[in-house]
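**Student:** one predicted model, sequence on top.
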Amino acid sequence: MKPKLNPQKLIRPLLKRNPDTHKNDYGHLLIISGSLGLSGAPVLCSTAALRSGAGLVSMVVPRSVYFQTSSRSLEAMVYPVAETAQGGTVSPSASNLIGILMKRATVLAIGPGMGRHPKTDALIQKVVLQSDVPVVIDADAINAFSGNSRLLKNTRAPLILTPHPGEMARLLGIPTEAVERDRKAVALRAAKTLGQCIVLKSHQTLVADPSGNLYRNTTGNPGMATAGAGDVLTGIIAALLGQGLLPFEASVAAVYLHGLAGDIAAEQVGQISLIAGDIINALPAAFHSR
């Protein structure tokens with residue numbers, strides 16, 4: 001019988017910090033995110049990470065969304081890079097700068113709002129496979145490995161993949177209905193096959209790891225089925241990794257906090273009016289909830 005993790009116990013040690021401390025003690029998160037028309041994703045991801053305790057956040061975004069992103073992300077460092085002609089996605093020519101920034105980072109988050117382009121997919125694969133620090137892979141960074149999931153095995157650093165059922169289906173090459181029919185079995189199989197931590201997002205999000213550990217989340221509500229909620233979760237997971245939690249622990253604690261913040265926000269604004277920013281605003285209350 002595998003031990004059952006208590007998310008609140010995982011979070012508790014993070015709440016009190018030593019007086020003699022520095023921002024570098026709490027992780028330097030590098031986020032690669034955004035594309036033309038999707039400037040909000042990096043903002044949501046970075047703000048959620050900072051609200052979840054990340055000491056430093058740097059972001060790489062396409063040049064066309066730099067102004068929108070930097071003007072709404074006052075606490076993050078934002079680096080504009082070249083973009084593809086179609087779709088305004090991050091261009092492979094950004095790889096040199098990304099390589100420099102990755103040497104400073106302790107955690108990488110990649111994918112929110114990145115869009116799809118063959119050259120960008122190739123860049124995503126290169127960055128993930130060459131990373132020496134833990135990587136949270138979300139959204140179109142997951143899609144970049146569709147049909148090539150074998151590449152995710154035996155990476156230099158541990159990965160956390162955060163697919164919804166459709167992304168999980170594309171990654172494994174199976175119908176979405178097969179994922180929905182037995183989410184538990186699919187999450188466990190994917191974690192074991194890929195050798196990575198899987199966060200299968202849905203009602204009662206599942207977290208599975210290669211050893212067969214499984215956590216079913218009990219927080220959250222239907223109001224969280226809203227644009228940007230996944231970007232927020234990615235930021236929370238990455239922030240907790242940067243503060244020393246292991247991939248499975250960080251994922252369990254993050255999905256719990258994410259759902260709890262959504263529940264707190266729903267009490268304030270109602271489920272129908274709930275937006276991703278409300279989840280971020282409720283994170284302080286979620287962290288200190290007992």
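**Tutor:** Everything's here; your move. On a predicted model such as this, the values are computed, not experimentally measured, just so you know. Numbers count the residues shown, from 1 in each chain.
**Student:** and for the residue positioned nearest the centre of the chain, nearest residue in space, chain neighbours not counted?
**Tutor:** Residue closest to the mean C-alpha point of the chain, counted by CA atoms, centre = their mean, is T234 at 2.0 Å. Leaving aside its sequence neighbours, T234 sits nearest to D138 (CB to CB, 6 or more residues apart in numbering; 4.4 Å). For glycine as for every other residue, the C-beta is placed from the backbone atoms N, C-alpha and C.
**Student:** CA atoms only: put the one helix or strand the residue nearest to the centre of the chain maps to into PDB for me.
**Tutor:** T234 is located in helix 229-242, with elements delineated by DSSP states H and E. Taking C-alpha atoms only, helix 229-242 is exported to PDB below (Å, rounded to 0.1, in the frame of the first residue of the first chain):
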ATOM      1  CA  ALA A 229      -6.900  28.300 -15.600                       C
ATOM      2  CA  GLY A 230      -4.300  25.800 -16.900                       C
ATOM      3  CA  ASP A 231      -1.700  28.500 -17.300                       C
ATOM      4  CA  VAL A 232      -2.200  29.300 -13.600                       C
ATOM      5  CA  LEU A 233      -1.700  25.700 -12.600                       C
ATOM      6  CA  THR A 234       1.500  25.500 -14.600                       C
ATOM      7  CA  GLY A 235       2.900  28.500 -12.700                       C
ATOM      8  CA  ILE A 236       2.000  27.100  -9.300                       C
ATOM      9  CA  ILE A 237       3.600  23.700 -10.100                       C
ATOM     10  CA  ALA A 238       6.800  25.400 -11.300                       C
ATOM     11  CA  ALA A 239       7.000  27.700  -8.300                       C
ATOM     12  CA  LEU A 240       6.600  24.700  -5.800                       C
ATOM     13  CA  LEU A 241       9.400  22.800  -7.700                       C
ATOM     14  CA  GLY A 242      11.600  25.900  -7.300                       C
END
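**Student:** report all helices and strands that that helix contacts.
**Tutor:** In this structure, helix 229-242 makes packing contacts with strand 28-32, helix 40-51, strand 107-110, strand 135-137, helix 247-269, helix 276-281, judged by 3 or more CB pairs under 8 Å, 6 or more residues apart in numbering; DSSP states H and E.
**Student:** got the angle for that helix vs strand 28-32?
**Tutor:** Angle, helix 229-242 to strand 28-32, by axes from the mean of the first three to the mean of the last three CA atoms, to 10 degrees: 150 degrees.
**Student:** mean confidence for helix 229-242?
**Tutor:** The average pLDDT within helix 229-242 is 98.
**Student:** for that helix, buried residues please.
**Tutor:** Within helix 229-242, the residues that qualify as buried by neighbour count (16 or more other CB atoms under 10 Å) are 229-242.
**Student:** quick one: low-confidence parts of the protein?
**Tutor:** In the predicted model, the chain carries pLDDT under 70 at residues 1-3.
**Student:** let's see 90
**Tutor:** Using pLDDT under 90 as the threshold, the predicted model of the chain has low-confidence ranges 1-5, 154, 290.
**Student:** in its sheet, what does the lengthiest strand in it sit against?
**Tutor:** In the chain, assigned by DSSP state E, the strand with the most residues is strand 56-62. Taking DSSP bridges as the criterion, strand 56-62 forms sheet pairs with strand 28-32 (parallel), strand 77-81 (parallel).
**Student:** for L274, find the nearest of those strands.
**Tutor:** Proximity to L274 (CB to CB) singles out strand 28-32 among the strands paired with strand 56-62, at 23.5 Å.
**Student:** could you list the buried residues of that closest one?
**Tutor:** Using 16+ other CB under 10 Å as the test for burial, strand 28-32 gives H28, L29, L30, I31, I32.
**Student:** just the element for H203, please.
**Tutor:** Secondary structure (DSSP H and E) places H203 outside all helices and strands.
**Student:** pull the number of nearby residues for it.
**Tutor:** By the other CB atoms under 10 Å criterion, the neighbourhood of H203 contains 11 residues.
**Student:** show me the contacts for it.
**Tutor:** When the contact criterion is CB atoms under 8 Å, 6 or more residues apart in numbering, the partners of H203 are G220, P222.
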